[in-house]
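Enquirer: Fold the following and give me the result.
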Amino acid sequence: MNAHDVAERLESIRAAGSRLRRRTRRERVETLGQVLDGWADPSSRWRQALLAELPGPTGFSTPMVRSGLAAGLDHWTADALAELALSDLGDDCLSESPTHPVSSFESTAVVLAGSIPMPTLLSLIAPLVLGSPVIAKSAARDRVTPALVAGSIAEVDAELGRCIAIVDFARTDEASLRVLLDASCVCATGSDGTIASLQASVRPSRRVLFDGHRLSVAAIGDELASSAIEETAKRLAMDICLWDQLGCLSPVVVYAVGTSESGSSEAAEVLTDRLSDALAAALESAESEMPRGAIEPVGARDIVRERSEAELRSAAGHNVKVIASDSTVWTVVRESGPELRPAPLHRFIRVAPVASTRALAEALAPMASHLAAVAVDGFGERTPTVCRELAALGASRICRPGAMQSPPIAWHHAGRGVLSSQARFTDIEC
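Expert: Take a look at the predicted model:
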């Protein structure tokens, strides 16, 4: 595909967009709700097609994809979409004459990244809800999901299907990228470097919604009952294993948090040991039920390097322990402190002690601008206070262990509304 092809697709959706905007928002929400109900149904042909086709290009194992789709899609329904529209755009947004009219952009370009289907599905549907046709560039690792989503929309409503175009071109094709970025609203996710490059290419008059690198963590307080540690570890292992830890909602470190504000870390150290052992057992069990997918040589080398580095620190007398599979399929590193260290991903998790919630805030401060979600447990009556402190740091989602990969469709990713961030609001005062 070249720049001429992209220009033709963009012009085509622009023409279709005028018809799209003549339909009421209620109509669009109800139609796209039917699409979501299809994706939420494990037996639907689109869901089955994704399960069959996604493992090949992404390297994910089929059992993992099946579990990941269930966690992510089963509750993304028509009702959830209608509730999102009302909460994000206003209680009267589905009426014929809303008090505060909401309009869309003439066209929306989406630059997709990664290989997890749920963000792709929502990125393609959200602009259509507002009345903006979509042109999307497929991610290099996942050309399957965008095509299937577009096909599912066209099957439910042919006219709506003409309002979405999927394009694919080389990362080095600057001419095609310039055409794509001529859309009125531009949305993109990717590495910080990719986002910086895109920002330099977008015209100033465009609405721009860019999301760079994000990461997630877990914080487990020492009020967690001893009898609950194994179950919490199983739930954390699920958060780690789904999508092989490659999404922004996958935890890269688990903090074992003590209660002392005086600096004593004895409780945190004990909890770190117990969580590390329980997580290792849970990850080993998960591997037999939900195998890790393929990994590129550079990824395997990163895991081996970080294991070796941790073992060297252990040999030097630090309270560090490596618990790992014989191959690279899972790794737990029991850390001696909360210092931020590289995250090789692919089911590599660090468990780090912090003496107090104050120390937790200090440990998270360097990554605050990149913080997505935090799984929280074991804080008892302090839970509301801890959640407020994490929110103040920048976390856009706080949940229980085991729920990290199941965000509601209305989750304020990067602290923004799903629909409102792509909408234009008008206040009428006369």
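Enquirer: so where is this structure shaky, pLDDT-wise?
Expert: Along the chain, the model assigns pLDDT under 70 to residues 96-97, 260-264.
Enquirer: quick check: domain ranges of it?
Expert: What automatic domain parsing lists as the domains of the chain is 3-213+412-425, 215-399.
Enquirer: what's the burial count for the nearest residue to A281 once chain neighbours are set aside?
Expert: Nearest non-adjacent residue to A281, counting by Cβ to Cβ, 6 or more residues apart in numbering: A233, 7.2 Å away. Using the backbone N, CA and C atoms, a C-beta is placed for each residue, glycine as well. Residue neighbour count, defined by other Cβ atoms under 10 Å, stands at 26 for A233.
Enquirer: what does P366 give?
Expert: The number of residues packed near P366 is 10, by other Cβ under 10 Å.
Enquirer: Quick one: residues contacting it.
Expert: L340 (Cβ atoms under 8 Å, 6 or more residues apart in numbering).
Enquirer: Over to the one 3 residues further on?
Expert: With contacts defined as Cβ under 8 Å, 6+ apart, the neighbours of S369 are G394.
Enquirer: now do 10 Å
Expert: 212-214, 393-394 (Cβ atoms under 10 Å, 6 or more residues apart in numbering).
Enquirer: In three-state terms, label it for me.
Expert: helix (DSSP: H, G, I helix; E, B strand; the rest coil).
Enquirer: same thing with the one 4 residues further on?
Expert: Classification of A373 by three-state DSSP places it in strand.
Enquirer: Would you check how far apart A368 and A267 are?
Expert: Between A368 and A267 the computed distance is 25 Å (Cβ to Cβ, to the nearest Å).
Enquirer: In terms of neighbours, single out the busier of the two.
Expert: When neighbours are counted by other Cβ under 10 Å, A267 comes out ahead of the other of A368 and A267, with 19 against 13.
Enquirer: Quick check: the more buried one touching I220?
Expert: No - at 11.5 Å, A267 does not count as touching I220 under the criterion of Cβ atoms under 10 Å.
Enquirer: just to revisit the earlier point, export the domains of the chain to a markdown table and tack on distance to Q405?
Expert: Shown next, in a markdown table, are the domains of the chain (distance: least, Cβ to Cβ, whole Å):
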| stretch | distance to Q405 |
| --- | --- |
| domain 3-213+412-425 | 5 |
| domain 215-399 | 4 |
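Enquirer: Tell me which of those domains lies nearest to S406.
Expert: domain 3-213+412-425 (4.7 Å; Cβ to Cβ).
Enquirer: Distance from the closest one to the middle of the chain?
Expert: Relative to its parent chain, domain 3-213+412-425 has a centroid offset of 14 Å by Cα atoms, centre = their mean, to the nearest Å.
Enquirer: got the end-to-end distance for that domain?
Expert: 33 Å (Cα to Cα, to the nearest Å).
Enquirer: Reformat the contacts of S369 as JSON lines; add neighbour count and distance to I135.
Expert: Output for the contacts of S369, formatted as JSON lines (neighbours: other Cβ atoms under 10 Å; distance: Cβ to Cβ, whole Å):
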{"residue": "G212", "neighbour count": "19", "distance to I135": "22"}
{"residue": "H213", "neighbour count": "16", "distance to I135": "25"}
{"residue": "R214", "neighbour count": "18", "distance to I135": "24"}
{"residue": "L393", "neighbour count": "16", "distance to I135": "36"}
{"residue": "G394", "neighbour count": "16", "distance to I135": "31"}
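Enquirer: farthest pair in these?
Expert: Maximum pairwise distance in the contacts of S369, criterion Cβ to Cβ, is 17.4 Å, between G212 and L393.
Enquirer: any idea how far L393 is from A365?
Expert: Taken as Cβ to Cβ, the span from L393 to A365 is 7 Å.
Enquirer: residue ranges of the strands in the stretch 51-200 of the chain, please?
Expert: In the stretch 51-200 of the chain, the strands defined using DSSP state E, counting those that start in this stretch lie at 102-103, 108-111, 134-137, 164-167, 185-189.
Enquirer: ok, the shortest one: who's next to it in the sheet?
Expert: Right, strand 102-103. Here strand 102-103 has these sheet partners by DSSP bridges: strand 424-425 (antiparallel).
Enquirer: which residues sit against the strand it pairs with?
Expert: By Cβ under 10 Å, 6+ apart, strand 424-425 touches 89-90, 98, 100-105, 130, 132, 184-185, 207.
Enquirer: in the stretch 301-430 of the chain, which spans are helices?
Expert: For the stretch 301-430 of the chain, the helices defined by DSSP state H, counting those that start in this stretch cover 357-364, 383-393.
Enquirer: Mean neighbour count, those: which tops it?
Expert: The highest mean neighbour count among the helices of the stretch 301-430 of the chain, using mean count of other Cβ atoms under 10 Å, belongs to helix 357-364: a mean of 19.
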